[in-house]
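Chemist: pasting the sequence and the predicted model now:
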Amino acid sequence: MRKTVHNLNKLYKSAFENAGKMTKFLGSYCVDHAFDFHYGHRIKIGKLFTNELYPIPLFCFKLQGIKTETFFDVYTSKNYIGYIKLYPNKEELLSFNLEVLSNLKYLIYGFNYQNELYNSEDLTQTKINIEKSKDTKFIIYADFKNLEQIFNIIEMLSVRPNKRFSMANYKCECGHYITIESYNGFCPVCGKDSTFKRKFATKCPVCGTSGLKDQYGNGECAECGWIFDSLGEERKDDVIYPNLISLNKAKKLYSEGKPFEPDLDEFIEALNCYSEMQFEYNGVYYAVEFVPNGEDEYDIELYNSKTGEAFIFKTTDDFKNNAKVEGKLLKDIWNDTTDRYWLQ
């Protein structure tokens with residue numbers, strides 16, 4: 001038994017070492033991939049197959065939109081360490097360049113494994129068989145003896161982006177752990193859109209520090225705290241959510257070593273952008289919101305979260321000039337307020 005366990009450990013160690021190299025290669029080509037296990041597999045120790053079923057590591061991903069799986073078997077030999085499967089439909093298979101598999105001996109089956117259509121020797125007859133087949137889905141199956149064979153296939157069937165990206169790992173709703181590398185960020189198992197998107201290198205428009213942003217232009221500077229926003233970079237003098245001040249104002253404050261705090265005019269501009277704002281004064285939070293007035297128009301409400309009092313103002317100028325907190329004009333005590341932010 002001890003010898004069997006020792007041999008099993010050696011086999012799994014080799015499989016996981018290959019899997020580690022595989023995920024790095026998939027990452028370098030920015031291919032979405034999920035690491036999983038294939039169960040119900042008998043392995044071979046020495047010359048004998050075991051009766052027990054063991055899981056083997058596999059990767060799920062897509063090549064040219066075709067679902068692909070690569071299995072790292074724990075039964076290995078000099079000429080075999082695993083196998084690859086592609087699951088094309090008929091249209092995808094007829095347009096698929098089978099020459100990329102020329103360094104492997106492969107088979108093509110109808111989805112139900114009823115008929116072998118190709119044995120890597122007669123391409124012309126294979127195409128005829130596929131066209132005549134009643135199957136609409138197929139499986140391409142091939143064994144491989146070294147990682148380079150698989151790497152070559154991935155290299156030929158994927159396009160490496162011209163930008164370098166960071167990896168994001170998460171657990172999808174379907175239960176699989178996903179490594180997101182591609183621009184789209186879709187789960188390669190169930191196809192759902194990732195909650196994590198790829199991020200790429202950028203420079204903060206305020207302080208110039210290197211950072212990361214996603215494909216929508218969103219991110220946050222670790223140095224100055226500016227939140228990246230593509231619209232805000234286009235309209236540099238406007239207050240654009242999620243920032244409370246304009247980009248040009250932020251540059252000025254950063255150069256002066258001051259925090260990114262909005263004055264009352266910017267707070268009101270943010271209110272016009274978002275419609276709900278808040279601030280704190282003497283430990284009490286106040287909400288400022290646009291509320292309907294029943295005449296297809298909106299008033300501005302100042303709400304005291306402690307007393308429940310609400311005060312209504314007809315225009316932004318009315319609010320700016322007449323809003324009071326604890327009997328004081330808000331414009332006179334604005335510098336003493338804190339936590340000016342979007343309403344939480």
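Modeler: Sure, I can see it. Numbers count the residues shown, from 1 in each chain.

Chemist: contacts only, for the residue lying closest to residue 135 once chain neighbours are set aside.
Modeler: Spatially, and ignoring its direct neighbours in sequence, residue 135 is nearest to residue 110 (3.7 Å; C-beta to C-beta, 6 or more residues apart in numbering). C-beta: built from backbone N, CA, C; applies to glycine. By C-beta atoms under 8 Å, 6 or more residues apart in numbering, the residues touching residue 110 are 117, 133, 134, 135, 137, 138, 139.

Chemist: rounded mean pLDDT for the longest helix seen in the chain, please.
Modeler: Criterion DSSP state H: the longest helix present in the chain is helix 2-28. Per-residue pLDDT values over helix 2-28 give a mean of 74.

Chemist: residue boundaries of the strands in the stretch 101-250 of the chain?
Modeler: 106-110, 116-118, 138-144, 165-166, 168-171, 177-180, 199-203, 210-214, 219-220, 227-228 (DSSP state E, counting those that start in this stretch).

Chemist: what pairs with the last one, parallel or antiparallel?
Modeler: Spelled out, that is strand 227-228. When pairing is defined by DSSP bridges, strand 227-228 lines up against strand 219-220 (antiparallel).

Chemist: list of residues touching the strand it pairs with?
Modeler: Under C-beta under 8 Å, 6+ apart, the answer for strand 219-220 is 199, 202, 211, 212, 213, 226, 227, 228.

Chemist: apply 6 Å and report the result again.
Modeler: Identification of contacts with strand 219-220 by C-beta atoms under 6 Å, 6 or more residues apart in numbering yields 211, 212, 213, 227, 228.

Chemist: those residues: which two are farthest apart?
Modeler: Farthest pair in these (C-beta to C-beta) is 212 and 227. Separation: 12.6 Å.

Chemist: picking that back up, what pLDDT is listed against the residue nearest to residue 135?
Modeler: 86.

Chemist: same check, this time on the one 4 residues further on
Modeler: Confidence at residue 114, expressed as pLDDT, is 60.

Chemist: one step back: okay, buried residues for the longest helix of the chain please.
Modeler: For helix 2-28, the neighbour count (16 or more other C-beta atoms under 10 Å) marks 8, 11, 12, 15, 18, 19, 22, 23, 25, 26 as buried.
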